[in-house]
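1. Prediction below, plus the sequence it came from.
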Amino acid sequence: MRIRVQTRSREKGIEKTGPGEFKVKVKAPPVKGKANKELTEAIASHWGVPPSHVRIQKGFKSKNKLVWVDVPPQK
C-alpha cells in the first residue's frame with residue numbers, strides 16, 4: 001500500500017485517500033527513524049497485527065512510502 005506520512009502532527013490518525021492509498025498522521029519528528037517507528041506501530045494497530053509484520057519497502061527518508069503488511073489468514 002502507498003502511504004503519505006504527515007510528521008509532527010497534533011493528532012494521530014489513518015485516513016484512506018484512494019484505492020490502496022492512505023495518509024497517516026504521526027506526532028514524532030522525522031529524526032533518527034522516530035516517525036517510521038511510530039508509522040509502523042500505527043499501521044500494525046490499525047490492521048491488528050504485530051509491528052514486526054509491517055515493513056517499509058521504499059521511502060525510508062521520504063514522506064511517500066511503500067509499505068507491506070503481512071496479515072495472517074483467518075482461521
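-> Nice, thanks for sending it over.

2. Using just helix, strand and coil, how would you label the nearest residue in space to Lys63 that is not next to it in sequence?
-> Here the nearest residue to Lys63 in space, its sequence neighbours aside, is Val5; by Cβ to Cβ, 6 or more residues apart in numbering that works out to 5.1 Å. Every C-beta, even on glycine, is put in place using the N, C-alpha and C of the backbone. Three-state secondary structure (criterion: DSSP: H, G, I helix; E, B strand; the rest coil) places Val5 in strand.

3. At the geometric centre of the chain, which residue sits there?
-> Leu39 (3.8 Å; Cα atoms, centre = their mean).

4. can you give me the helices in the protein?
-> With DSSP state H, the ranges of helices along the chain come out as 34-47.

5. Tell me where the model's unsure across it.
-> 75 (pLDDT under 70).

6. in it, which spans are strands?
-> In the chain, the segments counted as strands under DSSP state E are 2-6, 13-18, 21-25, 54-58, 64-69.

7. closest to Gly33 out of these?
-> When the strands of the chain are compared by Cβ to Cβ, strand 54-58 sits nearest Gly33, at 9.8 Å.

8. got the buried residues for that closest one?
-> Of all the residues in strand 54-58, those buried under the rule 16 or more other Cβ atoms under 10 Å are Val54, Ile56.

9. Strand partners (parallel or antiparallel) of that strand?
-> Strands adjacent to strand 54-58 in the sheet, as given by DSSP bridges, are strand 64-69 (antiparallel).
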